[in-house]
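Asks: The following block contains a protein sequence and its predicted model.
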Amino acid sequence: MYRAYYDRATGEITKITNDTPEGDYIEVEELWVEGFVDDGELKAYPEPAPSIHHKFDKRTMAWYDHRSADVATAAVRRERDNLIAQTDWTQLPDVSSTLKSAYTEYRQALRDVTKQSGFPYNVEWPSKPEV
């Protein structure tokens, strides 16, 4: 048996770390299980969290992004701008037209992530060209 932290307010079970507050601990059979307590029963999450920004809703049995729209939008735009900046070199005059064309499409797809229907919480990032 192993010990894990049980948060009575949320029903979540988390790994014990240096930052774990004093409180209730429970015994779990597996070395590490991420999950929650529901009606006194330990249940594992149906799938891992999509990101560190997601929380699990026991009522809907689904993950949700708990950030405000403004915070999530700023985070996506920051990531997009970083990805575009990493490819700035592909637009220099001495880059082959094949490479430049592939990266021009990729860079435009990055600019268009803000137009996706799931933005800012569910963004599908374009794949970097393999040229």
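Replies: Right, received. Where do you want to start? Numbers count the residues shown, from 1 in each chain.
Asks: Neighbours of residue 7, how many?
Replies: A total of 15 residues lie near residue 7 under the criterion other Cβ atoms under 10 Å. For every residue, glycine as well, the C-beta is placed using N, CA and C.
Asks: which residue lies farthest from the center of this protein?
Replies: For the chain, the residue at maximal distance from the C-alpha centroid (Cα atoms, centre = their mean) is residue 94, at 36.9 Å.
Asks: That one belongs to a strand?
Replies: No. Counting by DSSP: H, G, I helix; E, B strand; the rest coil, residue 94 is not found in a strand; it is coil.
Asks: quick one: buried residues of the longest helix seen in the chain?
Replies: In the chain, with assignment by DSSP state H, the single longest helix is helix 69-86. Within helix 69-86, the residues that qualify as buried are 72, 75-76, 80, 83, counting by 16 or more other Cβ atoms under 10 Å.
Asks: Would you mind giving the residues you listed as CSV with pLDDT and distance to residue 113 added?
Replies: What follows is these, written out as CSV (pLDDT from 0 to 100; distance: Cβ to Cβ, whole Å):
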residue, pLDDT, distance to residue 113
72, 89, 12
75, 91, 12
76, 94, 7
80, 97, 6
83, 97, 9
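Asks: ok so, going back, quick one: the residue farthest from the centre of the chain and residue 129, what's the gap?
Replies: Taking Cβ to Cβ, to the nearest Å as the measure, residue 94 falls 18 Å from residue 129.
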